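Participant: Need a 3D model of the following:
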Amino acid sequence: MQEDNNNITTLQIEATEDNEISSGNKVEIIHHSHENYIHCPSLNSLPETPNNETVIVVTNNNTVQYPINETEEIKECQLPTSIERTSVGGKRKSKTANENKTQPPAINPTPIAPPPHRGHNTPSQIMDILKAEGKRKARLTFDQIILLSLLAGFFKGIAGTISVFVGGNVPQLQKDYPGLQKLLFAAVFPVGFILTILYGAELFTGNTLVVLFNLFHRKEFSWKKFLYDYFHFSKNMFLSFVFNVLGAFLTGYLFVYLTQPCCDASWISFVKNLAESKVSKTFGQFVLLGIICNALVTSGVYVAMTSNTAEGKAILAYIPIFCFVACGFEHSIANAYYIPLGMLYGAKVSVYEFLIVNLLPVTIGNIIGGSLVVGCVMFYVYDIRLRYNRWIRNGIKKMWNFCKSKKQSENNITNEGIEMIDLEKQQ
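Facilitator: Residues are numbered from 1 along each chain as shown. Got it, this is the predicted structure:
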């Protein structure tokens with residue numbers, strides 16, 4: 001028994017195998033009344049409790065608090081073990097589950113330990129987080145999306161500025177050891193993505209995964225609800241893309257070009273060459289590079305959600321972003337910083353090449369990589385496959401039987417044809 005300053009008596013029951021609760025778990029019953037107590041700790045048949053009384057069930061480190069009932073009646077049932085029942089004032093002494101049996105000696109209950117801290121979330125828990133986060137992002141107002149998207153574009157611009165100033169200012173290293181120069185360039189770029197996650201800003205490439213789950217969170221499908229959610233999905237995608245691009249461009253123009261419009265720094269030559277190289281591939285190549293790029297970016301969003309701490313999110317988000325930058329994959333919002341900045345400094349790139357040759361196919365690839373490659377695959381594996389396991393298994397079985405029967409019928413037709421040919425030869 002435990003007592004606090006608010007005259008609350010805590011009774012604890014050790015669960016047994018005879019009880020419906022699994023062995024080893026405990027049930028904690030908190031009383032706000034001096035005269036009443038609980039008779040049955042079963043999860044599936046919790047008794048009705050009197051006023052001012054709350055039942056808390058602790059199982060598998062998950063606490064479920066049941067609401068207070070309004071009835072005055074207590075349903076009687078047999079207790080699996082003896083428990084200590086003592087009112088705050090000491091009026092009631094220890095009793096057993098069966099009133100007619102001999103009273104056993106009172107045993108002080110062992111305090112229930114708090115559930116252990118989990119530093120990470122499981123894939124199933126991440127699915128729930130993605131659905132809730134996707135719903136929250138889809139319900140943001142226009143002004144919220146615009147401001148948060150400008151902020152995310154600004155962070156991407158800051159990341160691009162750091163990478164250019166650091167990785168683009170080592171021409172000798174780039175000439176002698178180009179791999180090390182790329183490593184240095186990629187090592188500082190993820191800071192923008194980490195700031196975006198910690199601030200909760202709206203990044204288009206990350207939202208292709210998160211906001212997509214707003215379309216998947218309903219168990220019962222209806223066209224009206226789907227179209228309503230699709231409107232919010234499209235609103236978020238369009239506004240976040242436009243203002244991400246605008247934020248990244250303004251960062252380069254206001255804080256880099258206007259503050260240093262011309263000089264002989266090595267990073268200026270680097271950004272001009274980078275801008276020209278980003279319009280030198282075909283449409284299909286840019287789509288493929290955009291797919292693999294955003295598959296890594298959304299993987300950064302996904303793995304960051306496995307952690308419950310800020311430092312864990314930062315470390316986990318760093319790794320995939322570092323990988324895509326070091327490999328030279330194409331990110332639409334990052335290109336909205338690098339290519340216009342190179343054009344401002346005199347790179348031989350036209351507006352048509354920036355928008356149509358690079359930005360359009362890269363954006364298409366980013367949508368495919370984030371929504372289909374990562375989003376739909378993870379949703380199928382950890383949600384649909386678990387909820388509709390029997391339907392999917394039966395469907396696969398029917399498909400297999402259909403293919404098998406079709407193959408068998410083809411073999412029968414072939415055998416009949418061979419027999420007819422043999423008969424004709426004999427005649």
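
Participant: report the longest helix in this structure, please.
Facilitator: With secondary structure taken from DSSP state H, the chain has its longest helix at helix 389-426.

Participant: what about the stretch 301-427 of the chain, any weak spots by pLDDT?
Facilitator: Scanning the stretch 301-427 of the chain for pLDDT under 70 picks out 427.

Participant: same thing but 90
Facilitator: Scanning the stretch 301-427 of the chain for pLDDT under 90 picks out 380, 382-427.

Participant: same question, the stretch 101-250 of the chain
Facilitator: Residue ranges of the stretch 101-250 of the chain with pLDDT under 90: 101-120, 122-124, 127-128, 131, 135, 138-139, 174, 212-230.

Participant: can you map out the helices along it?
Facilitator: 123-138, 142-167, 171-176, 178-188, 191-199, 204-210, 223-252 (DSSP state H, counting those that start in this stretch).

Participant: Just give me how far the fifth one sits from the chain centre.
Facilitator: Taking CA atoms, centre = their mean, to the nearest Å, the mean C-alpha location of helix 191-199 is offset from the chain mean by 16 Å.

Participant: Next, the buried residues of it.
Facilitator: For helix 191-199, the neighbour count (16 or more other CB atoms under 10 Å) marks 191-197 as buried. Heads up, the C-betas are built off the backbone N, CA and C, glycines and all.

Participant: Which strands and helices lie in contact with it?
Facilitator: With contacts defined as 3 or more CB pairs under 8 Å, 6 or more residues apart in numbering; DSSP states H and E, the packing partners of helix 191-199 are helix 142-167, helix 283-304, helix 310-327.

Participant: Mind doing that once more with 7 Å?
Facilitator: helix 142-167, helix 310-327 (3 or more CB pairs under 7 Å, 6 or more residues apart in numbering; DSSP states H and E).

Participant: same thing with the second one?
Facilitator: With contacts defined as 3+ CB pairs under 7 Å, 6+ apart, the packing partners of helix 142-167 are helix 178-188, helix 191-199, helix 223-252, helix 266-277, helix 332-344.

Participant: in that helix, what counts as buried?
Facilitator: 145-164, 167.

Participant: thinking again about what came up before, for the helices and strands packed on helix 191-199, give me JSON lines that also has distance to residue 187.
Facilitator: Shown next, in JSON lines, are the helices and strands packed on helix 191-199 (distance: least, CB to CB, whole Å):
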{"stretch": "helix 142-167", "distance to residue 187": "8"}
{"stretch": "helix 310-327", "distance to residue 187": "7"}
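
Participant: can you tell which of the ones you listed is closest to residue 402?
Facilitator: helix 310-327 (40.9 Å; CB to CB).

Participant: Buried residues in that closest one, which are they?
Facilitator: Across helix 310-327, burial judged by 16+ other CB under 10 Å covers 313-314, 316-318, 320-326.

Participant: same thing with stretch 120-128?
Facilitator: So, applying 16+ other CB under 10 Å, buried residues of stretch 120-128: 126-127.

Participant: Can you give the distance of that stretch from its chain's centre?
Facilitator: Using CA atoms, centre = their mean, the offset of stretch 120-128 from its chain centre is 7 Å.

Participant: Need the contact partners of that stretch.
Facilitator: Here stretch 120-128 makes contact (CB atoms under 7 Å, 6 or more residues apart in numbering) with 129, 302, 305-308, 382-383.

Participant: repeat that with 10 Å
Facilitator: Contact with stretch 120-128 is made by 118, 129, 133, 213, 216-217, 302-309, 312, 316, 378-379, 381-383, 386, as judged by CB atoms under 10 Å, 6 or more residues apart in numbering.

Participant: Show me which residues of stretch 241-260 are buried.
Facilitator: 241-252, 256-257.

Participant: element containing residue 346?
Facilitator: Here residue 346 is covered by no helix or strand, with elements defined by DSSP states H and E.

Participant: Using PDB, write out the CA atom coordinates for stretch 397-413.
Facilitator: The C-alpha coordinates for stretch 397-413 follow below in PDB (Å, rounded to 0.1, in the frame of the first residue of the first chain):
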ATOM      1  CA  LYS A 397      -2.900 -18.200 -53.800                       C
ATOM      2  CA  LYS A 398      -5.700 -17.600 -56.400                       C
ATOM      3  CA  MET A 399      -3.300 -16.000 -58.800                       C
ATOM      4  CA  TRP A 400      -0.900 -18.900 -58.400                       C
ATOM      5  CA  ASN A 401      -3.700 -21.500 -59.000                       C
ATOM      6  CA  PHE A 402      -4.900 -19.500 -62.100                       C
ATOM      7  CA  CYS A 403      -1.400 -19.500 -63.600                       C
ATOM      8  CA  LYS A 404      -1.000 -23.100 -62.700                       C
ATOM      9  CA  SER A 405      -4.300 -24.100 -64.300                       C
ATOM     10  CA  LYS A 406      -3.600 -22.000 -67.400                       C
ATOM     11  CA  LYS A 407      -0.200 -23.700 -67.800                       C
ATOM     12  CA  GLN A 408      -1.800 -27.100 -67.400                       C
ATOM     13  CA  SER A 409      -4.500 -26.300 -70.000                       C
ATOM     14  CA  GLU A 410      -1.700 -25.200 -72.500                       C
ATOM     15  CA  ASN A 411       0.100 -28.500 -71.900                       C
ATOM     16  CA  ASN A 412      -3.100 -30.500 -72.500                       C
ATOM     17  CA  ILE A 413      -3.700 -28.600 -75.800                       C
END
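
Participant: how far out from the middle of the chain is it?
Facilitator: 41 Å.
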